[in-house]
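*Asks:* Got a sequence here, can you model it:
(one chain, ligands or ions: 1)
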Amino acid sequence: MWNRMKFCGLVLVCVIGLTDQSQAQRKRVVVNGTDCTQIKTRLPQATSGVYVIQPAGVKYPFKVYCEMLVDGGWTVFQRRTGPEVLFDKKWNQYKQGFGNLKKDHWLGLKHIYALTKGRKKNSTLRVDLWDFEGGTAFAEYSDFRLGNEGEAYKLHIGAYRGNAGDAIRGTYAGIDQNGFGFSTSDKDNDGCSPCIFGDIAQNDCSFSNGGGWWFSKCGSADLNGDWHPAGNNIFWSSGIHWKTWKGPAPYSAKASRMMIRSV
Ligand SMILES: [Ca+2]
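*Replies:* Here you go, the predicted structure:
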């Protein structure tokens, strides 16, 4: 930059020069598609990895990890495999995203919203779970979308299918997370003010269960709690929980993945 400045007679010219340069750099970003599903449809031999996408109506492209499977391209928005990335984060970090796309990460609520918004848009949510005993299970939901930030990125899901159970709707009546806004330790949309569980009064599901989630009194699913190692993964209130799959004692999974395929 200082070399450039030496050749600039006027500061104004330098500023214009730098602006032109940054615009040119921005233009060089190659957008691979609107989402991973479109990329896989256009290029069936595309392999899993990081791609740049730009959903309709989104001003700037962003990077995602695409899981290219035989049933289509899936845009990953959550992955847990170990303790390195802490998911105990505030609202703004859950909004923007965090972690490493190739490893553990949360893509960000604003990106998930962008991927699912629009009347013509229809997305399937897939949840994959791995236990410490070599087992795996999945849950899929049709018509997945989020509300906007003003609606606290309210969760909307349609029909369930899978073998992990419908933990979003819950292990008992009255704790359905469908229709609830997202909660973090600094943003409370959990429906508890307080909730009474036996002799415990619960005000803040994000605090007790850990991480950000669509808590609903507090509900049976939370894949953003603390990660626990093998042999020490049962009985934690904060964990990677899908309580229709393992129980009744809270079982924290070895790994999880959440992703979207557009229809
Ligand atoms: Ca509350």
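*Asks:* Let me see the confidence value for P83.
*Replies:* Looking at P83, its pLDDT reads 97.
*Asks:* who touches it in this structure?
*Replies:* The contact partners of P83, by C-beta atoms under 8 Å, 6 or more residues apart in numbering, come to 227, 229. For the C-beta atoms, the positions are set from N, CA and C on the backbone; glycine is no exception.
*Asks:* now it: how far from the ion?
*Replies:* 27 Å (C-beta to the ion, to the nearest Å).
*Asks:* just G191 next, same as before
*Replies:* Counting by C-beta to the ion - G191 and the ion are separated by 7 Å.
*Asks:* so what's that residue closest to, chain neighbours aside?
*Replies:* When the adjacent residues along the chain are set aside, G191 lies closest to K217, with 4.8 Å between them (C-beta to C-beta, 6 or more residues apart in numbering).
*Asks:* How about F182?
*Replies:* Y153 (4.5 Å).
*Asks:* does the one you found sit in a helix, a strand or a coil?
*Replies:* Secondary structure state of Y153, per DSSP: H, G, I helix; E, B strand; the rest coil, is coil.
*Asks:* any weak-confidence spans in the stretch 151-263 of the chain?
*Replies:* For the stretch 151-263 of the chain, no stretch is flagged by pLDDT under 70.
*Asks:* Kindly report the residues of the chain close to the ion.
*Replies:* 188, 190, 192, 203 (C-beta under 5 Å from the ion).
*Asks:* Top of those by number of neighbours, please.
*Replies:* D190 (28 neighbours; other C-beta atoms under 10 Å).
*Asks:* Quick check: which element contains it?
*Replies:* Taking DSSP states H and E as the definition, one finds D190 inside no helix or strand.
*Asks:* Pretty sure it sits against C218.
*Replies:* Yes - counting by C-beta atoms under 8 Å, D190 does reach C218; the two are 6.1 Å apart.
*Asks:* Which strand or helix spans the spatially closest residue to W227 that is not a sequence neighbour?
*Replies:* Leaving aside its sequence neighbours, W227 sits nearest to P83 (C-beta to C-beta, 6+ apart; 4.9 Å). Using DSSP H and E, P83 falls within no helix or strand.
*Asks:* Next: E140.
*Replies:* strand 136-141.
*Asks:* In CSV, could you pull the C-alpha coordinates for that strand?
*Replies:* The C-alpha trace of strand 136-141 is given here as CSV (Å, rounded to 0.1, in the frame of the first residue of the first chain):
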residue,chain,number,x,y,z
THR,A,136,-25.8,-44.6,13.9
ALA,A,137,-29.3,-43.2,13.3
PHE,A,138,-31.0,-40.4,11.4
ALA,A,139,-34.0,-38.2,11.3
GLU,A,140,-35.4,-36.3,8.3
TYR,A,141,-38.0,-33.6,8.2
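*Asks:* ok, and what's touching that strand?
*Replies:* By C-beta under 8 Å, 6+ apart, strand 136-141 touches 124-131, 157-168, 242, 245.
*Asks:* Pull out the buried residues from the residues you listed.
*Replies:* 124-131, 157, 160, 162, 164-168, 242, 245 (16 or more other C-beta atoms under 10 Å).
*Asks:* At which residues are the strands of the stretch 101-250 of the chain located?
*Replies:* 105-106, 123-130, 136-141, 145-146, 155-156, 160-162, 195-197, 200-202, 221-222, 241-242 (DSSP state E, counting those that start in this stretch).
*Asks:* mean confidence for stretch 44-57?
*Replies:* 96.
*Asks:* measure it end to end?
*Replies:* End-to-end distance of stretch 44-57: 25 Å, with C-alpha to C-alpha, to the nearest Å as the criterion.
*Asks:* do the same with stretch 39-58
*Replies:* Start-to-end, stretch 39-58 (C-alpha to C-alpha) is 17 Å.
*Asks:* ok, residues contacting that stretch?
*Replies:* Residues outside stretch 39-58 that contact it (C-beta under 8 Å, 6+ apart) are 29-36, 60-68, 72-73, 75, 101-102, 114-115, 117-118.
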